[in-house]
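> Have a look at this prediction, sequence included:
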Amino acid sequence: MLIRPPAAAGRFFPSDPERLRTVVKALIDGAGPAGAETPKALIAPHAGYAFSGAVAALAMATLRAGRGRIRRVVLLGTAHSRVLGLATTRAEGFETPIGVVPVDRGAIEAVADLPQVSVDDRAHRVDHALEVELPMLQVVLDRFEIAPFLVGRCTPGEVAEVIDRLWGGEETVIVVSSDLSHFHQADEASRIDRQTADAIEALEPDRLAEGSACGRRAIAGLLIAARGRGLGVKTLALRNSGESGGPPDRVVGYGAFAIGPSGAS
């Protein structure tokens with residue numbers, strides 16, 4: 001098998017398997033009891049667990065009710081290198097310290113004909129946006145596969161087209177990996193992030209300003225797909241790195257959002 005090895009382990013989260021499981025379980029347990037409804041889609045941050053782990057866990061914990069049912073995660077995240085369109089990979093699995101998450105090659109083939117979809121193994125090899133979400137998914141879910149995409153320069157409509165093709169049924173959940181505003185004073189970051197959350201809750205992608213989120217295109221595409229199906233959004237958390245020990249004058253915003261029939265999980 002062609003396996004994409006870990007790139008973020010030891011930097012964004014622990015590289016020791018048992019330590020990683022312990023950290024993730026504590027974060028998930030800290031999110032509170034599981035709700036009865038499993039969302040169709042999530043937006044979660046992808047910074048180091050010390051900074052954004054508690055926020056990401058609030059999103060991932062909503063999937064606990066679907067543990068035995070969810071078999072595919074369509075995973076879209078910010079491309080931290082120059083990528084045109086949506087970049088997927090030839091890899092058959094993504095490795096974390098906990099184990100290997102298989103790639104749903106059938107899902108990749110289902111969108112391979114779209115002009116905005118390409119293969120870029122180099123970009124995937126070094127990018128942390130998707131990898132950071134995997135250990136939490138491994139702890140929360142049972143056996144599952146991923147359809148991984150790094151989102152670069154493209155339109156929200158092009159992202160929505162990929163999501164629509166892979167929407168699936170109750171076996172599929174969509175996860176967008178994105179932080180919010182970057183490197184503002186804490187008060188300014190809170191103001192910007194609240195505006196971003198308001199736009200997400202309203203399912204209005206045109207209101208997502210430049211600099212509102214590093215994964216703005218992926219979020220916008222998800223909102224288009226969700227709006228077309230009459231879904232709602234619930235904001236689970238809005239925080240920033242300054243609240244987790246980072247410098248208060250250059251904070252990164254983190255948000256957790258659940259999308260489903262009622263907007264709540």
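Nice, I can see it.

> Now do the buried residues in stretch 37-57.
Buried residues in stretch 37-57, counting neighbours by 16 or more other C-beta atoms under 10 Å, are found at 37-49, 51-57. Every C-beta, even on glycine, is put in place using the N, C-alpha and C of the backbone.

> meant to ask about stretch 96-111
Across stretch 96-111, burial judged by 16+ other C-beta under 10 Å covers 96-98, 100-101, 103-104, 107-108, 111.

> and that stretch, how far apart are its ends?
Start-to-end span of stretch 96-111 (C-alpha to C-alpha, to the nearest Å) is 26 Å.

> measure Ser244 to Ala47 for me?
Computed as C-beta to C-beta, to the nearest Å, the Ser244 to Ala47 distance reads 9 Å.

> Ala123 too?
Ala123 is 19 Å from Ala47, where distance means C-beta to C-beta.

> ditto for Pro115
For Pro115 relative to Ala47 (C-beta to C-beta), the value is 32 Å.

> Quick check: closest non-adjacent residue to the residue sitting nearest the centre point of the chain.
By C-alpha atoms, centre = their mean, the chain has its centre lying nearest to Ser177, at 2.4 Å. Distances taken as C-beta to C-beta, 6 or more residues apart in numbering place Gly77 nearest to Ser177, at 3.4 Å, with adjacent residues excluded.

> count of neighbours near that neighbour?
25 (other C-beta atoms under 10 Å).

> Show me how far stretch 168-177 is from its chain's centre.
11 Å (C-alpha atoms, centre = their mean, to the nearest Å).

> Dump it to CSV, keeping only the CA atoms.
Output of stretch 168-177 as CSV, limited to C-alpha atoms (Å, rounded to 0.1, in the frame of the first residue of the first chain):
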residue,chain,number,x,y,z
GLY,A,168,-23.9,10.1,0.4
GLY,A,169,-26.3,9.0,3.1
GLU,A,170,-26.0,8.4,6.9
GLU,A,171,-22.7,6.5,6.3
THR,A,172,-21.0,9.7,5.2
VAL,A,173,-20.0,12.8,7.1
ILE,A,174,-18.2,15.9,5.7
VAL,A,175,-15.5,17.6,7.7
VAL,A,176,-14.0,20.9,6.8
SER,A,177,-10.7,21.7,8.5
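
> How about residues contacting the one helix or strand Ala160 maps to?
Element membership of Ala160 [criterion: DSSP states H and E] is helix 156-165. When contacts are defined by C-beta atoms under 8 Å, 6 or more residues apart in numbering, helix 156-165 is touched by residues 74, 76, 85-86, 110-111, 114, 116-117, 149, 151, 174, 205, 217-218, 220-225, 228.
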